[in-house]
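Participant: Structure for the following, please:
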Amino acid sequence: MELKQKLPKITFILFIFSLCSIGIITSLLFIRTETDINLKVMTWNISGAVGVDGEFDVDRIIDEIKANDPDIIGLQEVDSDIDISSIANELNMFYYYDQAGDTNEGNALLSKYPIEESETIDLPLIDGTRARILIKNKVLIEQREWEIYVTHFSRYDKQQDHLNQAKFVSSILSKSRNPRIILMGDLNFVPSSSPHSELTNNDNFKLRDTYEFLNEDVGYTFRSNSLFKRIDYIFSSFNLEPTESKVICTQASDHCAVITTF
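Facilitator: Purely as a prediction, here's the structure:
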């Protein structure tokens, strides 16, 4: 008699335990699916679509992007002769583009994922250097918001500009509460420089140089007039885990593309 009275209670407890177990397993599977994203990010200074052979060819730029199939692309030196909306349509991607000041070129972000919000920020300059900008984009990826920045620092011989611009960008990113941040572009400084250290070793805010993190070779990204330098980068917050980073060089531009997968 006593056993019969306890059985319903035991059955009820087992039933509740089973429901909780299923809920926990389902939640774990959901979390695993949500965070396990293979996101391929590409940055490329396309040099106005003029290749190392001196030929203007936008289709060549599109073909190279298609061949590498990135999810997110940051482009620099997108000038007024290039219809970025047509490129985005051809690639079936969302985009944001803005020109730098009164120049005829600017930066663009193209994305397979929706771009929720975008903003253009002027970079500090000295000695009458031509205008440079940072474009800030909030992209919704698998129900999570990422902050993705694309920029093009002053030309490679403007070292004081580079340091000022690196400090300025670092101060902007340090104010963000988003754990998913990517900064990419043609920054025109080399890895051994103080601007690089400002972005990667700042006590208040640090970014990871994804190519340097995963590779031991130099990884030159610029080749012109016998000059070989690594000046194109994909930096990320330390919350993101890069799994592969490579440099892709073609005839389409004097800059090589950098591709990092997270």
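
Participant: domains for the chain, by residue range?
Facilitator: According to the domain assignment given by automatic domain parsing, the chain is divided into the following structural domains: 1-36, 38-261.

Participant: show me where the stretch 151-262 of the chain has strands.
Facilitator: Per DSSP state E, counting those that start in this stretch, the stretch 151-262 of the chain has strands spanning 181-186, 208-209, 222-224, 227-229, 232-236, 244-248, 257-261. These are given in chain order.

Participant: between the longest one and strand 232-236, how big is the angle?
Facilitator: In this case it means strand 181-186. When axes from the mean of the first three to the mean of the last three Cα atoms, to 10 degrees is applied, the directions of strand 181-186 and strand 232-236 differ by 180 degrees.

Participant: Need the residues that contact stretch 117-128.
Facilitator: 96, 98, 101, 109, 131-138, 151, 153-154, 158, 160-161, 164-165, 168-169, 172 (Cβ atoms under 8 Å, 6 or more residues apart in numbering). Every C-beta, even on glycine, is put in place using the N, C-alpha and C of the backbone.

Participant: From Ile141, how far off is the one residue sitting closest to the centre of the chain?
Facilitator: For the chain, the residue whose C-alpha lies nearest the mean C-alpha position (Cα atoms, centre = their mean) is Ile182; its distance is 4.2 Å. Taking Cβ to Cβ, to the nearest Å as the measure, Ile182 and Ile141 are separated by 11 Å.

Participant: and Phe228, bridged to which residues?
Facilitator: Each beta-bridge partner of Phe228 is listed here, defined by DSSP bridges: Arg223.

Participant: what's the burial count for it?
Facilitator: Phe228 has 10 neighbours, counted by other Cβ atoms under 10 Å.

Participant: I'd guessed it sits against Gly219; true?
Facilitator: No: assessed by Cβ atoms under 8 Å, Phe228 is found out of contact with Gly219, at 10.4 Å.

Participant: Got phi/psi on Ile126?
Facilitator: Backbone torsions for Ile126, taken as degrees, to the nearest 10, come to phi -130, psi 160.

Participant: so where's the stretch 101-250 of the chain uncertain?
Facilitator: Filtered on pLDDT under 70, the stretch 101-250 of the chain yields the residue ranges 225-226.

Participant: that older thread, hmm, which of the contacts of stretch 117-128 are the buried ones?
Facilitator: Neighbour counting over those (16 or more other Cβ atoms under 10 Å) leaves 96, 98, 109, 132-137, 151, 153-154, 158, 161, 164-165, 168-169 as the buried ones.

Participant: List the contacts of the nearest residue to Phe222 once chain neighbours are set aside.
Facilitator: Take Phe222 and drop its neighbours on the chain: the residue closest to it by Cβ to Cβ, 6 or more residues apart in numbering is Lys229, 4.8 Å away. Each residue near Lys229 by Cβ under 8 Å, 6+ apart is listed here: 156, 190, 220-222.

Participant: any idea which of those is closest to Thr261?
Facilitator: For these, the closest approach to Thr261 (Cβ to Cβ) belongs to Thr221, at 17.2 Å.

Participant: my read: the closest one touches Ile259, true?
Facilitator: No: the pair Thr221 and Ile259 fails to qualify as a contact (Cβ under 8 Å) at a distance of 11.2 Å.

Participant: Quick check: neighbours shared by these two?
Facilitator: Residues touching both Thr221 and Ile259 (Cβ under 8 Å, 6+ apart) are Val247.

Participant: Spatially, which residue comes closest to His196, not counting chain neighbours?
Facilitator: Nearest to His196 is Phe189, by Cβ to Cβ, 6+ apart, at 5.8 Å.

Participant: That neighbour against Leu199, yeah?
Facilitator: No: under the criterion of Cβ under 8 Å, Phe189 makes no contact with Leu199, lying 9.5 Å away.

Participant: which residues are in contact with both of the two?
Facilitator: Overlap between the contact sets of Phe189 and Leu199, as judged by Cβ under 8 Å, 6+ apart, is given by Ala166.

Participant: So between those two, which is more surrounded?
Facilitator: When Phe189 and Leu199 are compared for neighbours, Phe189 comes out ahead with 27 against 22, by other Cβ under 10 Å.
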